[in-house]
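# Quick check, what structure comes out for this input:
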Amino acid sequence: MIQSIYTMSFQTVFLVFLGFSVIGWCSEVIYVGVFIEHKFVNRGFLHGPLCPVYGFGGLAILCLPESILNSWVPLFFCSMAFATIVEYFASWILEKMFNTLWWDYSDQKFNINGRVCLLNALLFGAMGIGVVHFLEPVILWLIAQLSGIYLTVTFDALLAILLFDLIATIRRLVDFHTTMERLKNFGDTLKAHYENENWFNKSSVGEMFSSVKEHLLSLPGSEKLHQLHLSYVEKFQNRNKNVEAFIKKFPTLKSKQYKELVSYFKEKTSSNKK
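Okay, here's the model as predicted:
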């Protein structure tokens, strides 16, 4: 039976949210794995198999009147609108927090600021019908089997796991932003210090660091500033698993503030695949 969110308990709403998030994660993994990466990629920010933006989008759809939820065509267009709005604001909020556009649909026709596009909106409409008419009743039936203490234990356990995952993910996002900011500042320092040197190559981030490293290694002395710069360059050129992991998860990731660094890590990640 199709239910709106207003008739559910908080525990049920939370479990439905998780169900929609898992379905969204599976859809992302299948789509990216089959059509883009041709291999398994753990999509989404969280470590677990969840894409919360789909969970929130699904809950937004369930806020509709039951007359629309029991329809087909109106539900399709409402799902398009609601899910697209959720995706747009999720993209905007994440960009404001971390100066990074985590997904970009600029190459798609009929997109809005690269955050949403018509193709995704149509897919959201189709998913809305599939979830509400076919999957929500199954999810609610499964939840109904967990009565009393079993429902409470399941709710508490999954909530604890989600909170732990969320905290770990926030730490990784902060680390990503901190790493990019530190590298940007270091790159600016190198430009200010060596920009007028003939050997300095600033055509790209990779070339800049390579030219600096080559020059510092050729110096006979051990000036502290040169040694400090060399240690930072060598540390930078080592693999940064956290940054590369986000690049793999979000291959269309863009950043105005860290544009050169994002391009460098994309090239590095691509070369590591070969």
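# Now Cys26: closest residue in space that isn't a chain neighbour?
Spatial nearest neighbour of Cys26, excluding adjacent residues (Cβ to Cβ, 6 or more residues apart in numbering): Pro49 at 7.3 Å. Quick note: C-beta positions are derived from backbone N, CA and C, even for glycine.
# Test my guess that that neighbour contacts Val22.
Yes. Counting by Cβ atoms under 8 Å, Pro49 touches Val22, with 5.7 Å between them.
# List every C-alpha atom in stretch 176-194, with coordinates, as CSV.
What follows is stretch 176-194, C-alpha atoms only, in CSV (Å, rounded to 0.1, in the frame of the first residue of the first chain):
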residue,chain,number,x,y,z
PHE,A,176,40.1,17.0,1.2
HIS,A,177,39.5,20.7,1.5
THR,A,178,42.4,21.3,3.9
THR,A,179,44.8,19.3,1.6
MET,A,180,43.7,21.3,-1.5
GLU,A,181,44.0,24.6,0.3
ARG,A,182,47.5,23.7,1.7
LEU,A,183,48.7,22.6,-1.8
LYS,A,184,47.3,25.8,-3.4
ASN,A,185,49.0,28.0,-0.9
PHE,A,186,52.3,26.1,-1.3
GLY,A,187,52.0,26.4,-5.1
ASP,A,188,51.5,30.2,-4.8
THR,A,189,54.6,30.3,-2.5
LEU,A,190,56.7,28.5,-5.2
LYS,A,191,55.4,30.9,-7.9
ALA,A,192,56.3,33.9,-5.8
HIS,A,193,59.7,32.6,-4.9
TYR,A,194,60.8,31.1,-8.3
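# Okay, buried residues for that stretch please.
In terms of neighbour count (16 or more other Cβ atoms under 10 Å), stretch 176-194 has its buried residues at 176-177, 179-180, 183-184, 186-187, 190, 194.
# Among the residues you listed, which ones are in helices?
Those of those mapping onto helices are 176-177, 179-180, 183-184, 186-187, 190, 194, per DSSP state H.
# now the residues you listed in CSV, with distance to Cys63 and pLDDT?
Formatted as CSV, these follow (distance: Cβ to Cβ, whole Å; pLDDT from 0 to 100):
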residue, distance to Cys63, pLDDT
Phe176, 33, 90
His177, 33, 89
Thr179, 38, 88
Met180, 37, 90
Leu183, 43, 88
Lys184, 41, 90
Phe186, 47, 87
Gly187, 46, 89
Leu190, 52, 87
Tyr194, 57, 87
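# TSV for the residues you listed, including distance to Ala160?
What follows is these, written out as TSV (distance: Cβ to Cβ, whole Å):
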residue	distance to Ala160
Phe176	25
His177	26
Thr179	29
Met180	31
Leu183	35
Lys184	37
Phe186	39
Gly187	41
Leu190	45
Tyr194	51
